[in-house]
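**Q** sequence and predicted structure are below.
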Amino acid sequence: MSKAVDVETPIFLQGVSLDGYIWGDVRHEGKLSDLGVSAEQIAELEGVLTEKVLNGEFESTPDWGVASSETVRGLTDGPVPLYNERNRTGRRYAPVEEQPHLFRTFAELDLSDEEAIRNFTSKYGFLGLKQTGYLDGAFVYFEQYEDWFRAIAEVRGALTLYDTFMGDDYTSQSHLISEDEWGGFALDLKVASLDLGRRLTPRSYLPSVWEKAKGDYQLLFKLFFFEIVNEKLSEYCLVRLHVQGDVEELDFGIRNAPWNLLGALWLQVAMMAERKVTYKKCGFCGRTISLADTRKDTVYCKSAEDSSACRTKASAQRKAQTLELSAQGLEVEEIARTVGSKRTQVAKWIKSVEAERKPS
């Protein structure tokens, strides 16, 4: 009798093109979803359209009901292969399980750095906001820069709220919230040039919750966070059955499943809140460290390639600074305070250099 093997379907599988991604000025005819076309119709239309375009059956872009085309900045993985997108070379991975803190990496992307966004896409794939257009005469799927800008800013804004109410100094951010003339509350939150403000109204909550919220900024930040995340989950995720158990006797479970990478990122945000995960910045490189995965007093992050890389680099930096200050004539205690190292360690670094300089 064969041994039972545990089986559980991933929450979401993401595809990444191995052909690479490039930025370009794409001639854009509009989003299919904006035309009232369903997801199933889009999939069917894309397959038929791709074949017809590449077979030369269209002299120009088909009219999908958009008045005129425009040129937009877009990220693409190149011309669509014959018949359909599945002919591309690529890999698949499960972002929710394999990259549980990917949403933090995403939120920390430089909004003005196209290369940083392209590198993220090359590693993790499209967000799932694809449109169709033409780049240098070739029919392509692409994602607009402005959609990436908004998506990054919205996740970053939600994390700003989360970090605020999870911290001890949330009252210092109380200026972001004001009571409006209709008896509700308004959030004044901006990320770069994007206004992420919204309102809370009494009718959405139990009277007891609303009364408490009136004098509780921590609760208000939580409620705004709750509104934003729920809105995004309803936009990018679906409730689905999934398979669990073992191959001898499979069972079903219910879970919230994203239909694209952006949905997976928002699901990770929700999972973070459910688990009350806290974060801090690496003392050397500034990357985010999840305190769910390490000790609370951790100072430096760990990479898969070298778990002590940032710690080692920080130590080398402090040593170099110590020797420079020592050469300027500063005392050991003053140097220790300046570089943030123990007095004994500073003295050891200075002695090691002095020993090297003595003639043998």
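**A** Thanks, I have the structure now. Numbering: from 1, shown residues only.
**Q** rest of the way, CA atoms for contacts and neighbours
**A** Will do.
**Q** ok, the nearest residue to L18 once chain neighbours are set aside - contacts?
**A** Among residues not flanking L18 along the chain, G90 sits closest, at 4.7 Å (Cα to Cα, 6 or more residues apart in numbering). Counting by Cα atoms under 8 Å, 6 or more residues apart in numbering, G90 touches G15, V16, S17, L18, D19.
**Q** could I get those residues as TSV with pLDDT?
**A** Formatted as TSV, those follow (pLDDT from 0 to 100):
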residue	pLDDT
G15	89
V16	91
S17	88
L18	86
D19	82
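**Q** among those residues, name the ones in helices.
**A** Judged by DSSP state H, helices contain none of the contacts of G90.
**Q** closest to V191 among those residues?
**A** Nearest to V191 among those: V16, at 28.2 Å, using Cα to Cα.
**Q** where exactly do the strands run in the stretch 51-200 of the chain?
**A** 70-79, 90-93, 131-135, 138-144, 177-179, 185-187, 190-191, 194-195, 198-200 (DSSP state E, counting those that start in this stretch).
**Q** closest to K342 out of the contacts of G90?
**A** K342 lies nearest to V16 out of the contacts of G90, by Cα to Cα, at 46.9 Å.
**Q** look up the closest residue to that closest one, ignoring the ones flanking it.
**A** Leaving aside its sequence neighbours, V16 sits nearest to G125 (Cα to Cα, 6+ apart; 4.5 Å).
**Q** check T171 too.
**A** Nearest to T171 is Y217, by Cα to Cα, 6+ apart, at 6.5 Å.
**Q** again, but for R343
**A** The spatially closest residue to R343, leaving aside those adjacent along the chain, is A336, at 5.3 Å (Cα to Cα, 6+ apart).
**Q** pull out the buried positions in the helix or strand containing that neighbour.
**A** Element membership of A336 [criterion: DSSP states H and E] is helix 332-339. By neighbour count on 16 or more other Cα atoms under 10 Å, the buried set for helix 332-339 is V332, I335, A336, V339.
**Q** close enough to count as contact, the first one and A347?
**A** To tie it back to what came earlier, the one meant is V332. Yes: with contacts counted by Cα atoms under 8 Å, V332 reaches A347, the gap being 6.4 Å.
**Q** about what we covered before: roughly how far apart are the residue nearest to L18 and G74?
**A** From G90 over to G74 the distance is 20 Å, taken as Cα to Cα, to the nearest Å.
**Q** which residues touch the nearest residue to F142 once chain neighbours are set aside?
**A** In this structure, F142 finds its nearest non-sequential neighbour in T76, 4.4 Å apart by Cα to Cα, 6+ apart. Applying Cα under 8 Å, 6+ apart to T76 gives the contacts Y21, I22, W23, G24, V140, Y141, F142, E143.
**Q** on the three-state scheme, G329 is what?
**A** Here G329 is recorded as coil under DSSP: H, G, I helix; E, B strand; the rest coil.
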